[in-house]
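*Asks:* Fold the following.
(2 chains)
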There are 2 protein chains.
Amino acid sequence: MLLKDKLSNWLLKEQDNAIRFLQETVQEASTTGNEASVQNMIAKKLNEMGLEVDMWHPDGEELAKHPYFCASRTNFSSSPNVVGIWRGKGNGHSLVLNGHIDVVPEGDLNQWDDHPYSGKIIDGKLYGRGSTDMKGGNLSLLLAIQALKETGTTLDGDLFFHSVIEEESGGAGTLAAVLRGYTADAAIIPEPTNMKIFPAQQGSMWFKLTINGKAAHGGTRYEGVSAIEKTAVVLEAVKALETKRNQRITDPLYRDIPIPVPINIGKISGGNWPSSVPDTVHLEGRIGVAPHETLEEVKRELGDYLSSIQDEWLLEHPVSVEWFGAQWLPGSIDTDHPLMNTLIKNYEHVKKERPIIEASPWGTDGGLLSQAGNTPSIVFGPGVTAVAHYPNEYIEISKIIEAAEIIALTIYDWCGGSN
Amino acid sequence: MLLKDKLSNWLLKEQDNAIRFLQETVQEASTTGNEASVQNMIAKKLNEMGLEVDMWHPDGEELAKHPYFCASRTNFSSSPNVVGIWRGKGNGHSLVLNGHIDVVPEGDLNQWDDHPYSGKIIDGKLYGRGSTDMKGGNLSLLLAIQALKETGTTLDGDLFFHSVIEEESGGAGTLAAVLRGYTADAAIIPEPTNMKIFPAQQGSMWFKLTINGKAAHGGTRYEGVSAIEKTAVVLEAVKALETKRNQRITDPLYRDIPIPVPINIGKISGGNWPSSVPDTVHLEGRIGVAPHETLEEVKRELGDYLSSIQDEWLLEHPVSVEWFGAQWLPGSIDTDHPLMNTLIKNYEHVKKERPIIEASPWGTDGGLLSQAGNTPSIVFGPGVTAVAHYPNEYIEISKIIEAAEIIALTIYDWCGGSN
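*Replies:* Numbers count the residues shown, from 1 in each chain, chains lettered A, B, ... in the order given. As a prediction, this is how the structure comes out:
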């Protein structure tokens, strides 16, 4: 029997058990600081599958010395990283399969139709925070490995399965795995691409802008300068900068993406009294970083642009720019990299159609794997961006299984081996 | 000796004691709910001056039935109103002298150079929350009455001195005084006009706007609709409406006022994550009400204008408008009303210059006195708007004394009497 058929059959037979396992992992609310119990489940699973398991608590003090360290904490004592290792017999290419286990908070409970960690299945979709981003993708990886194992496969190259913390907060988990030596010739990260293949990943950074005005009584508002009115001028400038930055991007991977590296203003607050002219507004936003830009270049460009807005008041009272919170390095792999070819071939083999190959609209740990771990990465997974970080997050079960089959075949081709 | 000279001499002699009394009243932080102790001081003072004193706790449940009632509470058990009554001998015009005793909160302590309730005097200015708005003005009234009393004056018309609560929150104190019968042929309110005479007072109302967008990931912001971007459209419309409303105002009282009835957006908040497209923004603002407009007309105009903004998204997702918090009725007195003439004559007599006669840029309790109490009101006082509600609020002592002399002469001329 062909390996593809063996894998298909095994996945069909195993599917129900696998989805039960996904339900159990979704039901563990593994927000920042609360990853231990689900990591224990993953470690146990890897162990049962016959992989060597390394579970450790990253040393935050040590990690913080790395230039790419970005986290809001250095204490990871309740947040273990897990790596499962399948040693190859030598001679094959090595591969990292990387998935994060942390999830963003559930947000406003009233916007969820059900409990945010229900794991409930309705019409072939499994619901819950983290289902799409990215416990469903992680399950594709586990199923791919298990399917190969249980169909009697041996590998030539080493395979490392990363179950990392902190992706949602800047990537300290992947950085820790890289620094512990778990790098490889290439990597696959099943973040929610809706089965598209992303050889390039947009990086991003968060910034905070402060716009100052001059307070006055609302009844004599002409005696003040409204920070809200000046914010409208700043918002126009931010949009103009976004246009300028995106006009520079000619990579065909971005052909069908309306705005390759958007600048998003996500939060605004200012003023404190209806009848006072507001003297301060704070904006928080995220700026996309194109694959071949450095974070420093982008920081400089935004700062320079904002300080040259042609507005008399703003020239005298410049917008202040602060970089805070999370950042994600951009990542990329050559579009004709052998792992790309292998993945595309197997995608077509399983799906009987050509994949969509694009650049990702968001950052992933692929930037760290590429830039800190010298491990070029492809992002390809079963979830969908549209529901990531939102209420009623779900994942389509059939996509998880498809991704597992494609990834299993890709592992076998890439690492080499026998079955 | 002329009455003017008697009053001048008395004020000169009494000034130091009076300013000590002002310090003591400023040192009482009479924010909402904390007016009792300073009202006791006022009542004691009125009593010593030989006025009949009525001190009572307004019945909030009863007041709330009045169409002009506007307050965030109905329990005034710790907030007495005080009225001092100087009965005339009959035949003269009656007069209300109205001042509020409540002060707005001190705000950010770091922005004050000294303790906000210090009452400290530096270079002829007395500092502290409430000094300009309007305990300094109240002192002008008390001094005017006391100067007349102590120079042996009797009045023909009745004089009512209102020391009211709740002006900063919608005027329930003045409403209570009006409903208890303390109305008159006309009124003077020494709010901080910087010695200008305001025969017309702008009313105002607070509103809250909610602008909805559509959430999306910041990296694919083109899949959402930013409520912040739509807010920029709404802000433009608000400004256009302000222009339209002000073009209608031709009253010469507004000749030197850049924007007679401004619309001020004082507060903004929206979105909750730097890398999400914000789906809601809230604005809070205040809209000026021209002297001859009704509150209902203005509410209707703003609502209609916002619902007709020519923006496809906003037409389908209309801005929601809510009226909340405080409101101040506009007020006015005829510019050739006899009390106007009397006040102007005495202003010129004391100051040796012509007064500036304008419309006020803010609401006062004059709207309630006129509309609920049939008592047309002039606003004229020694403080300055620029420091009202702001850190390092102060009042110039010399202006308090000048205002007291002008008001004393005006009382005598208006009420009639002998000295």
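
*Asks:* rest of the way, CA atoms for contacts and neighbours
*Replies:* OK.

*Asks:* just so I have it, where are all the strands in the stretch 151-300 of chain A?
*Replies:* Assigned by DSSP state E, counting those that start in this stretch, the stretch 151-300 of chain A shows strands spanning A:154-155, A:159-164, A:186-189, A:197-201, A:203-212, A:263-270, A:280-289.

*Asks:* I'd like to know how far the residue nearest to the spatial centre of chain A sits from A:Leu159.
*Replies:* For chain A, A:Thr364 is the residue whose C-alpha lies nearest the centre (CA atoms, centre = their mean; 3.4 Å). Plainly put, A:Thr364 is 20 Å away from A:Leu159 if you go by CA to CA, to the nearest Å.

*Asks:* Could you look up the next helix or strand downstream of the single longest helix found in chain A?
*Replies:* When chain A is parsed with DSSP state H, its longest helix is helix A:3-27. Counting by DSSP states H and E, the next helix or strand C-terminal to helix A:3-27 is helix A:36-48.

*Asks:* What average pLDDT does that next one get?
*Replies:* The average pLDDT within helix A:36-48 is 98.

*Asks:* Which parts of that helix count as buried, going by neighbours?
*Replies:* Across helix A:36-48, burial judged by 16 or more other CA atoms under 10 Å in any protein chain shown covers A:Ala36, A:Ser37, A:Val38, A:Gln39, A:Ile42, A:Ala43, A:Lys45, A:Leu46.

*Asks:* Ok, stretch A:106-123 next?
*Replies:* A:Glu106, A:Trp112, A:His115, A:Pro116, A:Tyr117, A:Ser118, A:Gly119, A:Lys120, A:Ile121.

*Asks:* Same list (those residues) but as TSV, adding secondary structure.
*Replies:* Formatted as TSV, the buried residues of stretch A:106-123 follow (DSSP: H, G, I helix; E, B strand; the rest coil):
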residue	secondary structure
A:Glu106	coil
A:Trp112	coil
A:His115	coil
A:Pro116	coil
A:Tyr117	coil
A:Ser118	coil
A:Gly119	coil
A:Lys120	coil
A:Ile121	strand
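
*Asks:* Let me know the closest of those residues to chain B.
*Replies:* A:Glu106 (12.9 Å; CA to the nearest CA).

*Asks:* For that closest one, report the pLDDT, please.
*Replies:* If you check A:Glu106, the pLDDT there is 89.

*Asks:* quick one: it from A:Gly325, how far?
*Replies:* A:Glu106 sits 19 Å away from A:Gly325, going by CA to CA.

*Asks:* and A:Ala408, how far is that from chain B?
*Replies:* For A:Ala408, the distance to chain B equals 29 Å [CA to the nearest CA, to the nearest Å].

*Asks:* Contact partners for that residue?
*Replies:* Contacts for A:Ala408 (CA atoms under 8 Å, 6 or more residues apart in numbering or on different chains) come out as A:Leu7, A:Leu141, A:Ala144, A:Ile145, A:Ala147, A:Leu148.

*Asks:* pretty sure the second one contacts A:Ala404?
*Replies:* To tie it back to what came earlier, the one meant is A:Leu141. Yes. Look at A:Leu141 against A:Ala404 with CA atoms under 8 Å: they come within range, at 6.1 Å.

*Asks:* Show the contacting residues for the residue of the stretch 1-150 of chain A found nearest chain B.
*Replies:* Chain B sits closest to A:Gly107 of the stretch 1-150 of chain A, with a gap of 9.8 Å, by CA to the nearest CA. Each residue near A:Gly107 by CA under 8 Å, 6+ apart is listed here: A:Tyr390, A:Pro391.

*Asks:* Let's verify it: helix, strand, or coil?
*Replies:* Per three-state DSSP, A:Gly107 ends up coil.

*Asks:* tell me which of the buried residues of helix A:36-48 is nearest to B:Leu409?
*Replies:* Lowest distance from B:Leu409 to those (CA to CA) belongs to A:Ala36, with 81.7 Å.

*Asks:* so what's that closest one up against?
*Replies:* Contacts of A:Ala36 by CA under 8 Å, 6+ apart are A:Ser30, A:Ser78, A:Ser79, A:Pro80.

*Asks:* One more: A:Met205?
*Replies:* By CA under 8 Å, 6+ apart, the contact list for A:Met205 reads A:Arg286, A:Ile287, A:Gly288, A:Val289, A:Leu295, A:Trp323, A:Phe324, A:Ala326, A:Gln327, A:Trp328.

*Asks:* ok, back up a step: using TSV, lay out the strands of the stretch 151-300 of chain A together with mean pLDDT.
*Replies:* What follows is the strands of the stretch 151-300 of chain A, written out as TSV (pLDDT from 0 to 100):
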stretch	mean pLDDT
strand A:154-155	98
strand A:159-164	98
strand A:186-189	98
strand A:197-201	95
strand A:203-212	96
strand A:263-270	98
strand A:280-289	97
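
*Asks:* With distance to A:His66 added, can I get these in JSON lines?
*Replies:* Listed next are these as JSON lines, based on distance: least, CA to CA, whole Å:
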{"stretch": "strand A:154-155", "distance to A:His66": "33"}
{"stretch": "strand A:159-164", "distance to A:His66": "17"}
{"stretch": "strand A:186-189", "distance to A:His66": "21"}
{"stretch": "strand A:197-201", "distance to A:His66": "22"}
{"stretch": "strand A:203-212", "distance to A:His66": "17"}
{"stretch": "strand A:263-270", "distance to A:His66": "27"}
{"stretch": "strand A:280-289", "distance to A:His66": "20"}
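
*Asks:* which one of the ones you listed lies closest to B:Thr375?
*Replies:* Short answer: strand A:263-270, nearest of those by CA to CA, at 39.5 Å.

*Asks:* The closest one vs chain B: in contact?
*Replies:* Yes. Using CA under 8 Å from any CA of the partner chain, a contact is recorded between strand A:263-270 and chain B, made by A:Ile263, A:Asn264, A:Ile265, A:Gly266, A:Lys267, A:Ile268, A:Ser269, A:Gly270.

*Asks:* go on, stretch A:329-342?
*Replies:* No. Counting by CA under 8 Å from any CA, chain B has no neighbours in stretch A:329-342; the shortest distance is 12.5 Å.

*Asks:* Equivalent analysis for stretch A:183-194, please.
*Replies:* No. Stretch A:183-194 is not in contact with chain B by CA under 8 Å from any CA; minimum separation 12.3 Å.

*Asks:* how long is that stretch end to end?
*Replies:* End-to-end distance for stretch A:183-194, by CA to CA: 26 Å.

*Asks:* just how off-centre is that stretch within its chain?
*Replies:* A distance of 10 Å separates the centroid of the chain from that of stretch A:183-194, by CA atoms, centre = their mean, to the nearest Å.

*Asks:* do stretch A:383-401 as well
*Replies:* 14 Å.

*Asks:* Quick one: end-to-end length of that stretch, please.
*Replies:* Note: stretch A:383-401 ends 12 Å apart using CA to CA.

*Asks:* what does stretch A:109-127 give?
*Replies:* End-to-end span of stretch A:109-127 (CA to CA): 14 Å.

*Asks:* Check the contacts of A:Met205 one by one and keep those near chain B.
*Replies:* Near chain B, by the rule CA under 8 Å from any CA, you find A:Arg286, A:Gly288 out of the contacts of A:Met205.

*Asks:* okay, the contacts of A:Met205 in TSV with neighbour count and distance to A:Ser94 next?
*Replies:* Below are those laid out as TSV (neighbours: other CA atoms under 10 Å in any protein chain shown; distance: CA to CA, whole Å):
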residue	neighbour count	distance to A:Ser94
A:Arg286	26	34
A:Ile287	26	33
A:Gly288	33	31
A:Val289	30	28
A:Leu295	18	29
A:Trp323	15	36
A:Phe324	14	35
A:Ala326	21	30
A:Gln327	28	28
A:Trp328	28	24
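
*Asks:* Looking at the residues of strand A:263-270 next to chain B, state which has the most neighbours.
*Replies:* Counting neighbours by other CA atoms under 10 Å in any protein chain shown, the top entry in the residues of strand A:263-270 next to chain B is A:Ile265, with 31 neighbours.

*Asks:* That one pairs with what?
*Replies:* Counting by DSSP bridges, A:Ile265 is bridged to A:Gly285.
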